[in-house]
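[1] Give me a model of this one.
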Amino acid sequence: MQKNVDTLIQLLDNLKADTPAKWGKMTAQHMVEHIGVTLWISAGKINVKCFTPADKIPMMIRFLNSDMPMPKNFISPAIGEELLPLRFETFDEAVANTKEGYKAFLAYFEANPEAKITNPAYGDLDFEQWKTFHTKHISHHFTQFGLIDE
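    Numbering: from 1, shown residues only. Alright, predicted model coming up:
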């Protein structure tokens, strides 16, 4: 059974800075910061453009709404092959920022229930679509670090 976003965010407390990835280049802190950025994007605090051509968005939305997991070792065109520099001095600061990003996401859509925010892969998403994205995306990375089973 798929976990909801609230439950997934709580699982961050089970992650340690030295938890190794089962696949991919990310460290635990890279992953936490990566999730944090997507949460801040969905809160309207970081503006991005969609890199997916408009004619491919319907296919992307079908994937988003499917039970199919994100593929392992996927290289996001929005990020590229290299790890981004860490933004926070410590792992704990990165976790706190990610949790704050989640609160900001919820607060933004509570104040703006009809809003749509651009996702770099899926285009303009409403609150429910962003929750679906976060569930799929965070689940992907949490399986990467063994926080949830595949």
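
[2] okay, and for this structure, where does confidence drop off?
    For the chain, the stretches with pLDDT under 70 are 1-3, 77-78.

[3] Which residue ranges of it form strands?
    Secondary structure of the chain (DSSP state E): strands located at 117-119, 123-125.

[4] what's the distance between the residue sitting furthest away from the middle of the chain and Met70?
    Here the chain reaches farthest from its C-alpha mean at Asp55, the gap being 23.4 Å by C-alpha atoms, centre = their mean. Distance from Asp55 to Met70, counting by C-beta to C-beta, to the nearest Å: 21 Å. In short, each C-beta sits where N, CA and C put it, glycine included.

[5] what does Ser42 give?
    Computed as C-beta to C-beta, the Ser42 to Met70 distance reads 16 Å.

[6] Check Asn97 too.
    For Asn97, the distance to Met70 - C-beta to C-beta - is 22 Å.

[7] need the helices for the protein, in chain order.
    Under the criterion DSSP state H, the chain contains helices at 5-11, 28-42, 57-65, 91-111, 127-144.

[8] The last one to helix 57-65, inter-axis angle?
    Counting by axes from the mean of the first three to the mean of the last three C-alpha atoms, to 10 degrees, helix 127-144 lies at 60 degrees to helix 57-65.

[9] just the longest one next, same as before
    Taking the same axes, to 10 degrees, helix 91-111 and helix 57-65 form an angle of 110 degrees between their directions.
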